[in-house]
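Enquirer: pasting the structure only:
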C-alpha cells in the first residue's frame, strides 16, 4: 500500500457519532418511526451461532441458527429462561391493537407428546413488556435468567400446547457477581387471575403434529384506552386452537418496551432447548429504531503511530501506521468471504467519494478483522468504513458496513492533548432489577461524560469484562468459553463503541479479561493445580494459549506490532509495544504476564490469593527474594531503549499498564482483602481509625527490587504512568532511593466495582505538605515502598443513588498534556458529575498538575554546562565518554522546549558529552566534561 492522503473535515460525522452515543436527537440520525409490520430478515447464513442483527442472544453459546430456524442450545437447570431479545423495534402503546406470532418447536422427539424426556416445567414462547422508555434499550436486551423489576411478562406454551402468562417482573436477588442458578420456587409463576382454557383433550391432540405450536399474542386496548387485555393462543399445524389464556386490566407500562423469544429448560438428555420460526408482529404501537440493529460488526478500535522514519515536523511529510481491528459477531467462519477498509474524501465537483484502502485479515477464534495501512497521512479528519461480505454461497451473500472517523493528529503547538482513562467495567453488584437501579451497564454517564470532553485518545487499562458478571463464567469446553467471552465483550462495545470508532484507543487486558481473579503470569506458563495450591496461586494462565491469544487479539491487535519476542512460555502471545502519537511516546506493557507468583516463590509466607497468612512473615523484610520478576527482563530492556529514544516528534513519555507500582491500600489490622466488600463505607469527612497499609501481592508494589527497577526506568524517561486495576483512584509520586525522587502514577477510578479498596492510614503523611487533605504526603506501603500520596478517591457516602454504585468511588480519568509548557494535569471525575456544568466537581484533591522535569526528582551529582534550544525542539543526548578505545554510552535523553536553557544533570562521576539533534537534521556537540 502506498501513501494515502485525506480529504475534507468530517465535523458532521463527528456530530453523528456523538449523538448516537448519547442517544441525542440529531438531524443526522434516523429517528424512530412507526413499524406497522415487522418480520425476521432472511438469514444470509442459515446455520451459524449468530442469530442475526435483529436479535441479542442471552448468551451467544445458548442460541444458534439451524437451517434458518432459531434454536436454543441450552436446557440445563442451572441456566433457566434463555432469551433472544428483538432489537430494532419496541412497543409504545398508542391505542391500537398489537399482535405477535411465532412457531414454537418443542425439544427432542416431536413424533409423540411424551414429556418424560423434558425437564419438568419446561416451556417456551414470547417475552414482552420489558422495561419501557425509561429503561435503556441495551439493558432491556439482556433480560434473561431471573425475574425482577422491569423484566416483563412471559407468554409461554408447554410441550402439550397449553399456554400461560407468567410474571417475570417479580423476584430480584442475585449475588454481587452473577445472576445464575436454577429458578427458585415462586419465580416466574403463572398470573393467578388469567383465564385459561383448553380447546381439545389429549386424545384429540394426538396425531396433529404435536410439539409444533403456532403462538399468537394479541395486545388489545380496553374501552377506556387506559388498560389493556392480552390474549395468548396456541394452535396446531392444522390451525386448530389448542389452548388460550386471557389476562385483563394491564397498564400500558406493563406491556411497553422490548420483546423477544424465551426458552426454559428442555431436553434432559442433551443441551437442546426449544426452537422458533416465522416470527412476526404488527400494530400501530410498534416503533422502529433501525440504528439499534447490531452486527455483524459489533465495533472497532484503531491506533495511529508515527512511522520510524518521521523526523520533520512538517505535517505533509509525517506518516503514521494505521492499525484497525473490527470485532465480529460469532459468524460462521466459512461465511466471511471478504472484508475491506474504505475512506471518504472530497473529489472536486463529484462530492464525497469512497476509496478502498486495504483488505482485512479474518481470524476465526477471536472473530476479528485486522487492517493495516502502513503509510497514512493523519493531517485531516476523515470518515472511514469497514465493509464485510458475508454469505454461504455466491447466490446468497450480503454486504455490511460499520462507519467511523479517523482523526487528524492534534497540532503539537496547539491546545493540550487529552487522554481519557477508563478501567474496571463491572456491570452488576447484586439486588437484581432489570433497570439502572441494579444494572450499571451500559455506563452511559461515563461514556457521555468522557465524550463531552472529547479526548484525543482513550486508554482502556484493563478489566473490560468480568468473567462472572451478570452471567456466570463458563470455561469449558473452550469453544463455549470463547462465546461466553464474546457475550461479555459485546456489552463493553455497546457501552463504549462510540468512543472507539471516533478516536484512537489503546487497550490492555487485565486479570478478569482472561478469567482470573488475580493473575501472576510467571512468564507465560500454564497454571495447574499443585499440591497445596490452586491453579491461580501456582502462577500462569488458567486458560490455554488458544483462548488467551484469542482474547489478546480482540483487545490489542489494533496496536503496532509487539516490540519484544513472542510467544512466551507455553505459547502465550505478547503485546508490549510503543505508540508514537500527538507528541506522546507511549510504552504499552503488561505488568502481569511476566510477574512471579508469590505462593511458590515465597512458601514461608503461606500466600493465598496474594495475601500472606503467616503472621510471622514480614513482607517488608522477607518478600523481596532474589530473582523475582515484575516486568521481566525483555520488557525492562524494551523500556530502557524506549527511555532513550525521543525520535518521531516525542515531547512526553507515558507508560501505560494495568496497575500502579505501589500498594495504595489500608485495612484493619490482621485482615485480608476478603473483607473489603463488607467494610462500612464512611460518611463524607469520616475516617475509619486504626487501619494500616497492607501488602497485597496483586498490586504492583511487589516484588520490591523489580518494582524499583521499573520505577527507575520511568524516571530515566521522565514519564508519567497511567493505570487502573485497583478500584481506588489515586495519584502518587513514586520514590526509589528517597521519597519524591521519581515519577507520578495516576490510577483511574473503576467505572463500577464490587471491591472498593480504600486508603485510610492512621498516621499522618510525612514531608512537605502536598495537599490539605488527610491521607496525603509521604508513606511507605505494605511492602516498604516509598510513595507520596497526592490524592485518593476513597469510597464515601455520596448521597447519590444507587448507593452500591456511587459510594464505591466510580468514575473516569482525563489527562491534559501541555506539550509547550511540559505540564500534565490529571483529572478524576465521579460518575455522578457532569463536566461543563457549573456545579461539576471532581474527586477531592484533583486536578493535579505536574511538571515534566519533576518526574526525575533525584538530586543530581552534578550539572553539565548549559545548552540552548533556540527556536527549535532539539533532542539532548547525554553520553558517557570512556577511554579512547571504548565506545560512548548514551545514558539519558530529553527533548528540549523552544527557547529552553538547560543544564543536564548527571548522577555519578565520569566524563560526559552533550549532543543536540535538531529537527532539520543538524547536530551540535559540546565539549567533553569531566565530573568528579
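Expert: Happy to help now that I have it. Quick caveat, the model's predicted, so the values are computed rather than measured. Residues are numbered from 1 along each chain as shown.
Enquirer: CA atoms for contacts and neighbours, from now on please.
Expert: OK.
Enquirer: in stretch 832-845, what counts as buried?
Expert: 832, 833, 834, 835, 841, 842, 843, 845 (16 or more other C-alpha atoms under 10 Å).
Enquirer: Let's verify the residue nearest to the second one when sequence neighbours are not counted: helix, strand, or coil?
Expert: Setting aside the residues directly before and after it, residue 833 is nearest to residue 840 in space (C-alpha to C-alpha, 6 or more residues apart in numbering), at 5.4 Å. At residue 840 the chain is in coil, as set by DSSP: H, G, I helix; E, B strand; the rest coil.
Enquirer: Could you check how far residue 840 is from residue 263?
Expert: 46 Å (C-alpha to C-alpha, to the nearest Å).
Enquirer: all helices for the stretch 301-450 of the chain, in order.
Expert: Along the stretch 301-450 of the chain, counting by DSSP state H, counting those that start in this stretch, helices occupy 444-453.
Enquirer: Name the spans of it whose pLDDT lies under the cut-off.
Expert: Applying pLDDT under 70 to the stretch 301-450 of the chain flags residues 310-313, 315, 348.
Enquirer: Am I right that residue 844 sits in a helix?
Expert: No: looking at residue 844 with three-state DSSP, it is coil, so not inside a helix.
Enquirer: Was I right to think the residue nearest to residue 833 contacts residue 831?
Expert: No: judged on C-alpha atoms under 8 Å, residue 840 makes no contact with residue 831 at a distance of 10.7 Å.
Enquirer: Residue 666 contacts residue 759, correct?
Expert: Yes: if you go by C-alpha under 8 Å, residue 666 and residue 759 touch, sitting 5.1 Å apart.
Enquirer: hang on, the earlier thing: can you redo the buried residues of stretch 832-845 as TSV with distance to residue 693 and pLDDT?
Expert: Output for these, formatted as TSV (distance: C-alpha to C-alpha, whole Å; pLDDT from 0 to 100):
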residue	distance to residue 693	pLDDT
832	29	97
833	30	97
834	33	96
835	33	96
841	28	96
842	25	98
843	22	98
845	20	98
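Enquirer: ok, so of those, who is nearest residue 878?
Expert: Looking at the buried residues of stretch 832-845 and their distance to residue 878, the nearest is residue 845, at 36.8 Å (C-alpha to C-alpha).
Enquirer: Is the closest residue to the closest one other than its chain neighbours bridged to anything, and to what?
Expert: Of all residues not flanking residue 845 in the chain, residue 791 sits nearest, at 5.1 Å (C-alpha to C-alpha, 6+ apart). Beta-bridge pairing for residue 791 (DSSP bridges): residue 731.
Enquirer: How about residue 567, nearest residue that isn't a chain neighbour?
Expert: Using C-alpha to C-alpha, 6+ apart, the nearest residue to residue 567 is residue 573, at 4.4 Å.
Enquirer: was I right about that neighbour contacting residue 547?
Expert: No: assessed by C-alpha under 8 Å, residue 573 is found out of contact with residue 547, at 10.6 Å.
Enquirer: Not counting sequence-adjacent ones, nearest residue to residue 890?
Expert: Per C-alpha to C-alpha, 6+ apart, closest to residue 890 is residue 879, 4.4 Å.
Enquirer: re earlier: the residue nearest to residue 833 and residue 564: what is the separation?
Expert: 43 Å.
Enquirer: Residue 147 now?
Expert: Distance from residue 147 to residue 564, by C-alpha to C-alpha: 49 Å.
Enquirer: more neighbours, those two?
Expert: residue 147 (27 against 15; other C-alpha atoms under 10 Å).
Enquirer: quick revisit: what's the overlap in contacts for residue 666 and residue 759?
Expert: Taking C-alpha atoms under 8 Å, 6 or more residues apart in numbering as the contact rule, residue 666 and residue 759 both touch residue 693.
Enquirer: Would you mind telling me which of the two has the busier surroundings?
Expert: residue 759 (28 against 24).
Enquirer: first to last residue in stretch 898-918, what's the distance?
Expert: End-to-end for stretch 898-918, by C-alpha to C-alpha: 11 Å.
Enquirer: Check the offset of that stretch from the chain's centre.
Expert: Put simply, stretch 898-918 sits 42 Å off its chain's centre (C-alpha atoms, centre = their mean, to the nearest Å).
Enquirer: shift numbering so it begins at 578
Expert: Sounds good: first residue 578 from here, last item stretch 1475-1495.
Enquirer: Which positions within that stretch qualify as buried?
Expert: Applying 16+ other C-alpha under 10 Å to stretch 1475-1495 flags 1479, 1481, 1482, 1483, 1488, 1489, 1490, 1491, 1492, 1493, 1494, 1495 as buried.
Enquirer: for stretch 701-714, same thing?
Expert: Applying 16+ other C-alpha under 10 Å to stretch 701-714 flags 701, 702, 703, 704, 705, 706, 707, 708, 709, 712, 713, 714 as buried.
Enquirer: Confidence-wise, which of the residues you listed comes last?
Expert: Note: of these, the lowest pLDDT belongs to residue 709, at 95.
Enquirer: Assign a three-state SS to that one, would you?
Expert: coil.
Enquirer: doesn't residue 839 make contact with residue 699?
Expert: No: in this structure, residue 699 is not within contact of residue 839 by C-alpha under 8 Å, at 10.9 Å.
Enquirer: Quick check: which element contains the residue lying closest to residue 1221 once chain neighbours are set aside?
Expert: Closest residue in space to residue 1221, ignoring its immediate chain neighbours: residue 1470 at 5.2 Å, by C-alpha to C-alpha, 6+ apart. Per DSSP states H and E: residue 1470 is located in strand 1466-1472.
Enquirer: Give the buried residues for that strand.
Expert: Here strand 1466-1472 shows 1469, 1470, 1471, 1472 as buried, counting by 16+ other C-alpha under 10 Å.
Enquirer: beta partners of the last one?
Expert: Following DSSP bridges, residue 1472 is listed with bridge partners residue 1452.
Enquirer: I figured it hits residue 1453, correct?
Expert: Yes: using C-alpha under 8 Å, residue 1472 is in contact with residue 1453, at 6.0 Å.
Enquirer: Just want to know which of residue 699 and residue 839 has more residues nearby.
Expert: Shown here are residue 699 and residue 839; by other C-alpha under 10 Å, residue 839 has more neighbours (28 against 24).
Enquirer: what's the closest residue to that one other than its chain neighbours in contact with, if anything?
Expert: Of all residues beyond its chain neighbours, the one nearest residue 839 is residue 660 (4.5 Å), with distances taken as C-alpha to C-alpha, 6+ apart. Contacts for residue 660 were tallied using C-alpha under 8 Å, 6+ apart; they are 634, 635, 636, 720, 721, 722, 837, 838, 839, 840.
Enquirer: Residue 1289 sits in which helix or strand?
Expert: Going by DSSP H and E, residue 1289 is part of helix 1281-1294.
Enquirer: In terms of secondary structure, what does that helix contact?
Expert: helix 1209-1221, strand 1466-1472 (3 or more C-alpha pairs under 8 Å, 6 or more residues apart in numbering; DSSP states H and E).
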